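S.K.: requesting a structural model of the entry that follows:
(one chain, ligands or ions: 1)
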Amino acid sequence: MKAGARSRAKRQFGQSTLPLGNLDVGQLRDSIQFLRGFARNPAQVGSVVPSSRHLEQRLVREARLSEARTVVELGPGTGGTTAAFLRAMSPVARLLAIELDREFHRHLGTSLPDPRLILELGSAERLADFLAAHRLPAPDAIVSRIPFSTMPPAVSDRVAAAIAQALRPGSRFVAYQVRAHVAGFVSPYLGEPDKQWEVVNVPPVRVFTWVKAGH
Ligand SMILES: C[S@@+](CC[C@H](N)C(=O)[O-])C[C@H]1O[C@@H](n2cnc3c(N)ncnc32)[C@H](O)[C@@H]1O
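M.R.: The predicted structure follows:
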């Protein structure tokens, strides 16, 4: 493939849908790390490749990250989405990223040195504790890829309740998932979401957006 065509393809499809020949060293290392994470715990990680650049940009828009001051990411994995969120966010904003996998958490600590980023190791069920520990206000946006379809239902319900409790009226919860289970857990708390598909991703995912009512 010629250089111009390669860069057009890269812009269109993003890092995770390209042949390995187009990945830079950092992306290749992240992809291998991600695959290892999937091998360690397939149900928890829920995907074999990180999200595409296309999907990252859709999440940035849906969550309105360029206007946000306090953002939470649930399940940052190897940090591709986290880096994209930080690029879109204001210099004075903060991003709390909560990851359950110890290896991913360690990798994030070394690969993303950004003073706006706060990393926590643990389950998203502990969202309120982590916000309080860092004296963060109610988030403007929470973005999540944790797998609501494979987590025990009691865990999914506790995460959904914690998200609804943490948000202020007008703030957003954006979940991107292969399956639709997340809506069954979150809608009883936050009502009906806006639903879209992002097809330029492996695999294509649904993007659900809730805006907390009660302005
Ligand atoms: C599919 S990966 C998403 C990675 C990255 N955000 C992306 O889109 O490429 C899902 C991540 O959620 C994490 N995870 C699963 N259950 C979790 C929980 N209860 N709390 C926090 N993170 C969790 C997994 O360890 C994994 O890193």
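S.K.: hey, let's count contacts and neighbours off CA atoms from now on
M.R.: Will do.
S.K.: those residues of the chain touching the ligand, which are they?
M.R.: 44-47, 50-51, 74-77, 80-81, 98-101, 123-124, 145-147 (C-alpha under 6 Å from any ligand atom).
S.K.: okay, which residue is most central for the chain?
M.R.: Centrality entry for the chain: nearest residue to the mean C-alpha point is Ser144, 4.3 Å, by C-alpha atoms, centre = their mean.
S.K.: quick one: that one and Thr81 touch, right?
M.R.: No - no contact is recorded between Ser144 and Thr81 when judged using C-alpha atoms under 8 Å, the distance being 10.1 Å.
S.K.: just say helix, strand or coil for Val186.
M.R.: Here Val186 takes the helix state, with states given by DSSP: H, G, I helix; E, B strand; the rest coil.
S.K.: re earlier: next up, the contacts around the residue nearest to the centre of the chain.
M.R.: With C-alpha atoms under 8 Å, 6 or more residues apart in numbering as the criterion, the residues that contact Ser144 are Glu73, Leu74, Gly75, Phe173, Val174, Ala175, Tyr176.
S.K.: tell me how far the closest residue to the third one other than its chain neighbours lies from Val72.
M.R.: The shortest distance from Gly75 to any residue other than its chain neighbours is 4.9 Å, reached at Glu99 (C-alpha to C-alpha, 6 or more residues apart in numbering). Here the distance between Glu99 and Val72 works out to 11 Å (C-alpha to C-alpha, to the nearest Å).
S.K.: contacting residues around stretch 170-183?
M.R.: With contacts defined as C-alpha under 8 Å, 6+ apart, stretch 170-183 is touched by 59, 62-63, 139-145, 147-149, 156, 163, 192-193, 203-215.
S.K.: which parts of that stretch are buried?
M.R.: Within stretch 170-183, the residues scored as buried using 16 or more other C-alpha atoms under 10 Å are Ser171, Arg172, Phe173, Val174, Ala175, Tyr176, Gln177, Val178, Ala180, Val182, Ala183.
S.K.: surely the fourth one forms part of a strand?
M.R.: Yes - the assignment for Val174 is a strand, going by three-state DSSP.
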